[in-house]
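Novice: Give the three-dimensional model of this entry:
(one chain, ligands or ions: 1)
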Amino acid sequence: LTSSSSIGLPPGAARDLVDLLRELASAGDSTNASIARKAGVSASYVSQILNGRKFPSPDVAARIANAIEGADRHELAVRGLAEKAAEARRYDRAHRAVEAAARTGADIEATSVAFLLALDTAHLALRQVAAAPAGPGRVEAAVQAVASTSLYTDRERLLVSAEPRLAAAGEAVFLALVDIRTAVKHGAGLDSEAYHRAYHPFAAAVWSLRQAIRAAAGREPLTPAEMRRDEWSDLDRCPTCTEGGFTTIHR
Ligand SMILES: [Zn+2]
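Specialist: Now for the predicted structure:
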């Protein structure tokens with residue numbers, strides 16, 4: 001009546017259901033065809049159920065119990081097992097979805113942090129170029145300061161995998177860094193107004209990116225006060241800007 005191959009189901013309601021149905025079916029004179037006819041399903045479906053490859057709804061399971069010769073008094077037991085099995089499958093699906101979301105979240109966070117570190121590395125390299133005397137090699141040095149990091153790779157990862165707000169925050173920092181590079185290429189020194197006009201928006205954008213990473217993970221935003229500063233741009237603590245009186249830099 002049923003295949004003799006072992007049912008590869010883990011212990012639980014689904015396996016108990018298959019075991020009970022097989023036991024009931026093998027005890028009577030029923031064939032898969034007669035069960036199928038009485039239950040109103042196909043014979044191959046009955047076969048798949050008895051081999052543990054398909055899971056019947058509680059209603060279909062009850063109809064199959066009724067269709068098996070001499071098994072109708074087991075209808076309630078069969079229905080109960082089918083209900084438990086369905087509930088276990090629903091739980092498994094929900095659990096897997098939660099795990100997958102957690103995995104994706106961890107990946108995004110790792111990608112975002114790698115991007116932040118690459119931004120930091122590129123920015124420090126640009127500062128070194130800006131601090132050196134301007135000369136013929138400066139444009140190439142500024143280009144290399146950014147190109148020699150993993151910034152472009154990390155940026156792509158973030159753009160294709162992050163939610164829109166996080167991807168936009170990442171791109172804003174990237175563009176702010178490109179503005180610093182442009183200023184340095186054009187000869188801006190570390191204490192120049194051009195450098196600081198590009199640097200402070202970058203500093204603020206880095207904090208916005210950190211906030212977006214926190215938001216994507218469902219964490220509360222940080223406030224400047226908690227970080228013991230007046231604002232995110234570093235303007236308030238920049239001696240060059242506070243003492244230099246740069247007029248084109250606004251908070
Ligand atoms: Zn400044």
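Novice: List the contacts of the most centrally placed residue in the chain.
Specialist: Centroid-nearest residue in the chain, with C-alpha atoms, centre = their mean: residue 104, separated by 2.1 Å. Residue 104 makes contact with residue 161 under the criterion C-beta atoms under 8 Å, 6 or more residues apart in numbering. All C-beta atoms are positioned from the backbone trio N, CA, C, and that covers glycine.
Novice: now stretch 30-44: mean pLDDT?
Specialist: Across stretch 30-44, the average pLDDT comes to 94.
Novice: swap that for stretch 118-126, sorry
Specialist: Stretch 118-126 carries an average pLDDT of 97.
Novice: How many neighbouring residues does the closest residue to the ion within the stretch 51-200 of the chain have?
Specialist: Of all residues in the stretch 51-200 of the chain, the one sitting closest to the ion is residue 196 (3.6 Å; C-beta to the ion). Using other C-beta atoms under 10 Å, residue 196 has 23 neighbouring residues.
Novice: Quick check: it touching residue 246?
Specialist: Yes - using C-beta atoms under 8 Å, residue 196 is in contact with residue 246, at 6.2 Å.
Novice: List the contacts of stretch 195-214.
Specialist: 108-109, 112-113, 115-116, 119, 123, 130, 165-166, 168-170, 172-173, 176-177, 179-180, 182-184, 188-189, 220-222, 231-235, 238, 240-241, 244, 246, 248-249.
Novice: In helices, which of the residues you listed appear?
Specialist: Among those, the members found in helices (DSSP state H) are 108-109, 112-113, 115-116, 119, 123, 130, 165-166, 168-170, 172-173, 176-177, 179-180, 182-184, 240-241, 244.
Novice: and the stretch 101-250 of the chain, which residues reach the ion?
Specialist: 196, 238, 240-241 (C-beta under 5 Å from the ion).
Novice: Could you pull up the residues touching residue 150?
Specialist: So residue 150 contacts 114, 118 (C-beta under 8 Å, 6+ apart).
Novice: Using neighbour counts, give me the buried entries of the contacts of stretch 195-214.
Specialist: Taking 16 or more other C-beta atoms under 10 Å as the criterion, what is buried in these is 108-109, 112, 115-116, 119, 123, 130, 166, 169-170, 172-173, 176-177, 179-180, 183-184, 188-189, 232-235, 238, 241, 246, 249.
Novice: Give me the neighbour count for residue 242.
Specialist: Residue 242 is flanked by 11 other residues according to other C-beta under 10 Å.
Novice: Who are the contact partners of it?
Specialist: If you count contacts by C-beta under 8 Å, 6+ apart, residue 242 has them with 235-236.
Novice: Distance of it relative to residue 192?
Specialist: 15 Å (C-beta to C-beta, to the nearest Å).
Novice: do residue 41 as well
Specialist: As judged by C-beta to C-beta, residue 41 and residue 192 stand 80 Å apart.
Novice: do the same with residue 206
Specialist: 21 Å.
Novice: Same check on residue 9?
Specialist: For residue 9, the distance to residue 192 (C-beta to C-beta) stands at 72 Å.
Novice: what does residue 138 give?
Specialist: Distance, residue 138 to residue 192, using C-beta to C-beta: 13 Å.
Novice: pull the CA atoms of stretch 156-175 into CSV?
Specialist: Output in CSV follows, covering the C-alpha atoms of stretch 156-175 (Å, rounded to 0.1, in the frame of the first residue of the first chain):
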residue,chain,number,x,y,z
GLU,A,156,28.8,49.4,-3.6
ARG,A,157,28.0,46.8,-0.9
LEU,A,158,26.0,49.4,1.0
LEU,A,159,24.2,50.8,-2.0
VAL,A,160,22.9,47.4,-3.1
SER,A,161,22.1,45.9,0.3
ALA,A,162,21.0,48.8,2.6
GLU,A,163,17.5,50.2,3.0
PRO,A,164,17.0,53.5,1.3
ARG,A,165,17.6,55.8,4.3
LEU,A,166,20.9,54.0,5.2
ALA,A,167,22.1,53.9,1.5
ALA,A,168,21.3,57.6,1.2
ALA,A,169,23.2,58.4,4.4
GLY,A,170,26.2,56.4,3.1
GLU,A,171,26.2,58.1,-0.2
ALA,A,172,26.0,61.6,1.4
VAL,A,173,29.2,60.9,3.4
PHE,A,174,30.9,59.5,0.3
LEU,A,175,30.0,62.7,-1.7
